[in-house]
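Next input, structure requested:
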Amino acid sequence: MSCTAIFQVSCPILESGEEDAVMCITGSCEQLGDWDPKRVVQMVQNSAEDSNKRIWKADVSLPCDSEIKYRYAICSFHKLTNGSTEEKVIVHRWETNVTPRMLFTEGVQLCQEEHIFGNYDDQQNTDTGWLTSQTEMHILIHGQPLTLQGCDEAPPFSIKVTARQERATTPEEETTSKKRKKVYDVLPVFIRVLNKNEYEPRLHQHEYGRHFHQDDIMMFSVQTLKPDTMSFKVEIFSQDIGDAIENLGVATILGRNVRCAPRCIPLIDQDMDNVGTLDVMCSIIKPLQPESVCNFEESYSKHWKSRRCVEIGHRGMGRSLVDKSLLVHIPTNSNIPENTVKSLQQALKHGADFVEFDIHVTKDRVPVIGHDFQAALTPSDVLGTQADAPLYLEVPINYLNLSEIDSLKTGQCMVLEHTDKKPSPCSSPARAPKVPKEMQLFPTLQFALEGVDLDLGFLVEVKYPMDIVEGSKEMPHEKHPLERNTLVDAIINILMKYGGKRRIILCAFDPQVCIMLRLKQNKYPVVYCNFGPSERYELYAGPLCTGIPVSLLFAKSMGFLGLSSHSLDLLQKPELAAACNEANLITFCWGEDNNDEETVRRLKDIKIHGVIHDSMAKYPENRNNIFREERLSRSPLTINGDISQQVAAIEINKDTGEPSMT
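Below you'll find the predicted structure:
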C-alpha cells in the first residue's frame, strides 16, 4: 500500500544563473532518489499571484506507514552533445539544516502545507552546490597587473570578464547560415571583489566592467561541463575622469590552457596589435574523481555547535621532532612519536577534543600522515660506507609508493631528525624494526580513521608546498608536487569512505587547495590557515596570504567555516577575533605560544573557538573530552556517572553508529 504525498514549496525568483533550474525533492527512500543527485524528483512550477515568488508542486507515491526524511534543492539538468542520453545534474542551491525535513506517511493521501525553501525548524539554512559533474575555473587579478607599451605606469582602468562555450549548431542554425560557423553560448561569470567593503560573489558586471583599485583582489569564476571548449575574454577599459571610455585591449584565455599557475597574457587592440600584458592567476577545480560520491543526506560545511573552546592536540600529543619550518628553535614537547596513531589515541585519553595533523599523498595516491614534504633517510644498502657519501637523502613523500614508505618503518631506511646544524639519526623506537603499527611513522589516513575512537575529532591539514615571499619555495624547484586536484581527490575519497560519523574539519594554507576542499565535497567544513608577518615564519607569497584581514574576506566569500590563525596575530590585535565572530566565522589558533597557560587564557578571553597546542600531557589520563561527555550525558544508561554504566553506553553507542557529528 502506498501514500501519495503532495509537496508544495515556495521560493523567491531564481537567482541569476539559475534560469534553467527547477526545484527538486530528494530524500531517504527509493521514490525520492535515496539522496542521490542523479535521481532527484523534479517539481512543477505553478503560477503565483505574487510575482516575487514561485510555487513548486510534486505528487509522489511513498511507502505507507513510514518515516521519510527529505530536502529541497534547486538543480539544472544538461544533456551533452556526445550522443549519450545521460543527463548531467548541477546543484545550484540546497537545504542544509543538520536535521532534514521529516514526514510520516499514513492514509491514502498526505497533503503537505506550503513550505518555504530553506526555512524550517526556525532556521534558514541553504548552501551552494558542490561540483557534481561540472568544472569551475578561476581568474584572480591583484596588485599592479596591467602593463601598457609606452607607459611607465598604467592609467586607471576597469576589467570585464566574459566566458563563452562552443556548442553544436542546431538544424535551424545550419539552414540559415550560408557557411558553417562556430556557435557559442555565453556562460554566467561570477565576480568577487575582496576589499574593506565587499566580498559577496556577484553575477552582474557593468557594460565597461568593474573599476580596479590597487588594493582590490578580483576573482572571476565560471562553471562548465566542457572546460576544453570554453574561453575567457578579458577586456580592459580606460577610466580617466572626464575622458571617453576607451577599450585599451582584450586578452583571451582558452579553457584547455587553464592551469593552477600565474600567467602573463598579451593584450590585443582592435587592430590586432600587441599593446601590453595582463598578469593573472588561473586555477581549475575539477569534480571529484573517479566520480563524485557526495549526496544530499547530510552536510556540516557551515555547522558549528556553540561549546566551550575546544582542545586540539597538535600532531596528537604534540611535537616530538624538531620542526624545520620554524626560523627559531622551539623545544619539543612529546615523548610519543608525533603523527602516529598511538599519539592520536593518547591525546584522546588526555581529553583532546580534536587532533590536528598534516596529510601528504604518496606516488600511488595513498594519503599518509606526516609534517615535512620530504623524508630524510639513509639508505645504507645503497650508499655503503663511502666516506664522501652524503649523510642522508631527502626524498619527497609524493615520490614514494606506500610500500616504500612502509620500508622506512621497518628499519631498512632510517628517518632522520633535523637539528640546527645537520641531520642526525633519530633514536625513537618508532624507527626500529617490529614496532607496533600504531607507533610507526607515516600511518595511512585510512588506518587513523579506523584505528582511533570516533569521539576524537580530526582537524586535517592538507599540505601543499607554497612559494615564499622572498622567492624561495617550500619544496626545491627541481622537485615537483602532485597536481592539486589529484592530491585533494585522493584525500577526500578516503574521508568519504572511512570518515563515518567522525567530526572532521579540513584546512590548508594554500588558498587554491582550500577552494578545492570546499567545492569538491559537501559534507565537511573547511577552515583557511593563515598568518601575518612573523619572525618565526617566512611569509607565503600571494595576495590571499597576508594575514587575518584578507583571510576573513576570503573565507566569507568562499563559504568556509572559519579561520585557523597564528595566536600572536590574534593577541596583538584582539579586534580581529571580534571581527571573525561578528562575521559568524569560527576561529582556531595555532602557534608555539599556545603551550603557555597564560596565553591560552588570554585567547579564551577573546572568544577563540579552538586552541591547537603540544601540551595535552598536562591533563590526566582517562579524561573525557567534550564530545564523549555530551554522548554519555545523552545515554539512558549513564547513572550518576557510574564508570561501568558509561563503558556500556560507549559500546552500545558504537554499535548504533554514535556519536553524531553535531
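
Just the CA coordinates for stretch 532-547, please, in PDB.
In PDB, the C-alpha atoms belonging to stretch 532-547 read as follows (Å, rounded to 0.1, in the frame of the first residue of the first chain):
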ATOM      1  CA  GLY A 532      50.800  37.600   9.100                       C
ATOM      2  CA  PRO A 533      54.400  38.800   9.100                       C
ATOM      3  CA  SER A 534      56.400  36.900  11.700                       C
ATOM      4  CA  GLU A 535      59.900  36.500  12.900                       C
ATOM      5  CA  ARG A 536      59.300  32.700  13.200                       C
ATOM      6  CA  TYR A 537      57.900  32.000   9.800                       C
ATOM      7  CA  GLU A 538      58.700  33.100   6.200                       C
ATOM      8  CA  LEU A 539      55.600  34.700   4.800                       C
ATOM      9  CA  TYR A 540      53.900  32.900   1.900                       C
ATOM     10  CA  ALA A 541      53.600  34.700  -1.400                       C
ATOM     11  CA  GLY A 542      50.200  35.600  -2.800                       C
ATOM     12  CA  PRO A 543      47.600  38.300  -2.200                       C
ATOM     13  CA  LEU A 544      45.500  35.900   0.000                       C
ATOM     14  CA  CYS A 545      48.400  35.000   2.300                       C
ATOM     15  CA  THR A 546      48.900  38.400   4.000                       C
ATOM     16  CA  GLY A 547      47.100  37.800   7.300                       C
END
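
Which stretches in this structure count as helices?
Secondary structure of the chain by DSSP state H: the helices cover 171-176, 341-349, 380-383, 402-409, 445-451, 484-498, 511-519, 548-558, 567-572, 574-582, 597-605, 626-634, 643-655.

most packed of these?
helix 511-519 (a mean of 26; mean count of other C-beta atoms under 10 Å). (Each C-beta comes from the backbone N, C-alpha and C, glycine too.)

Name all residues that make contact with Ile74.
Cys11, Leu14, Glu18, Ala21, Val22, Met23, Cys24, Val91, His92, Arg93, Trp94, Phe117 (C-beta atoms under 8 Å, 6 or more residues apart in numbering).

so can I have a markdown table of those showing neighbour count?
Formatted as a markdown table, the contacts of Ile74 follow (neighbours: other C-beta atoms under 10 Å):
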| residue | neighbour count |
| --- | --- |
| Cys11 | 21 |
| Leu14 | 18 |
| Glu18 | 17 |
| Ala21 | 18 |
| Val22 | 18 |
| Met23 | 26 |
| Cys24 | 27 |
| Val91 | 25 |
| His92 | 19 |
| Arg93 | 21 |
| Trp94 | 25 |
| Phe117 | 22 |
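
farthest-separated two in those residues?
Largest separation among the contacts of Ile74 by C-beta to C-beta: Cys11 and Val91, giving 14.6 Å.

residues touching Lys226, list them.
Shown in contact with Lys226 (C-beta under 8 Å, 6+ apart): Leu80, Gln165.

Now the terminal residues of stretch 601-611, how far apart.
End-to-end distance for stretch 601-611: 10 Å, by C-alpha to C-alpha, to the nearest Å.

which outside residues touch that stretch?
Residues outside stretch 601-611 that contact it (C-beta under 8 Å, 6+ apart) are 304, 309-312, 353-354, 459, 562, 567, 570-571, 574, 577-578, 581, 586-589, 594, 600.

Can you tell me which of the contacts of Ile74 end up in strands?
In this view, those that belong to strands under DSSP state E are Cys11, Val22, Met23, Cys24, Val91, His92, Arg93, Trp94.

Please tell me I have it right and the fifth one contacts Gly129.
In other words, Val91. Yes: assessed by C-beta atoms under 8 Å, Val91 is found in contact with Gly129 at 2.8 Å.

Need the residues touching each of these two.
Common contact partners of Val91 and Gly129 (C-beta under 8 Å, 6+ apart): Ala73, Cys75.

returning to that earlier point: mind picking the lowest-pLDDT entry from the contacts of Ile74?
Here the lowest pLDDT out of the contacts of Ile74 sits on Leu14, with 69.

Where does the prediction get shaky in the stretch 551-662 of the chain?
Applying pLDDT under 70 to the stretch 551-662 of the chain flags residues 635-662.

cool, the chain as well?
13-17, 47-52, 81-84, 169-180, 240-243, 322-334, 377-392, 409-434, 477-478, 635-662.

show me the contacts for the residue nearest to the spatial centre of it.
By C-alpha atoms, centre = their mean, the chain has its centre lying nearest to Leu517, at 2.4 Å. Each residue near Leu517 by C-beta under 8 Å, 6+ apart is listed here: Val462, Val488, Ile492, Leu506, Ala508, Tyr524, Val526.

Make JSON lines out of those residues and add distance to Cys64.
Below are those laid out as JSON lines (distance: C-beta to C-beta, whole Å):
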{"residue": "Val462", "distance to Cys64": "47"}
{"residue": "Val488", "distance to Cys64": "44"}
{"residue": "Ile492", "distance to Cys64": "38"}
{"residue": "Leu506", "distance to Cys64": "41"}
{"residue": "Ala508", "distance to Cys64": "48"}
{"residue": "Tyr524", "distance to Cys64": "36"}
{"residue": "Val526", "distance to Cys64": "41"}
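
Among those residues, name the ones in strands.
Per DSSP E, the contacts of Leu517 map to strands at Val462, Leu506, Ala508, Val526.

Quick check: bridge partners of the closest residue to the first one other than its chain neighbours?
So that's Val462. Distances taken as C-beta to C-beta, 6 or more residues apart in numbering place Ala508 nearest to Val462, at 4.5 Å, with adjacent residues excluded. In this entry, Ala508 is beta-bridged to Tyr528, by DSSP bridges.

Can you verify my assumption that Ala508 contacts Asn530?
No: counting by C-beta under 8 Å, Asn530 is not a contact partner of Ala508; they are 10.3 Å apart.

of the ones in strands among the contacts of Ile74, closest to Asn625?
Closest to Asn625, out of all of the ones in strands among the contacts of Ile74 and judged by C-beta to C-beta, is Trp94, at 31.8 Å.

Might you report the residue contacts of the closest one?
Counted by C-beta under 8 Å, 6+ apart, Trp94 has contacts Arg71, Tyr72, Ala73, Ile74, Thr126, Asp127, Gly129, Phe296.

Please apply the same query to Lys573.
Counting by C-beta under 8 Å, 6+ apart, Lys573 has contacts Ile548.

ok, back up a step: most neighbours among the contacts of Trp94, which one?
Phe296 (29 neighbours; other C-beta atoms under 10 Å).

you'd agree that one is up against Lys69?
No: the criterion here is C-beta under 8 Å, and Phe296 misses it with Lys69 at 9.9 Å.

Please identify the nearest residue in space to Ser61, excluding sequence neighbours.
Ser2 (4.6 Å).

Okay, the residue nearest to Arg101 when sequence neighbours are not counted and Met102: tell me how far apart.
Spatially, and ignoring its direct neighbours in sequence, Arg101 is nearest to Tyr70 (5.2 Å; C-beta to C-beta, 6+ apart). Separation of Tyr70 from Met102 (C-beta to C-beta, to the nearest Å): 8 Å.

What's the local residue count around the closest residue to Asp279 other than its chain neighbours?
Leaving aside its sequence neighbours, Asp279 sits nearest to Pro145 (C-beta to C-beta, 6+ apart; 4.3 Å). If you count neighbours by other C-beta under 10 Å, Pro145 ends up with 21.

I'd guessed Pro145 sits against Met281; true?
No: at 9.5 Å, Pro145 does not count as touching Met281 under the criterion of C-beta under 8 Å.
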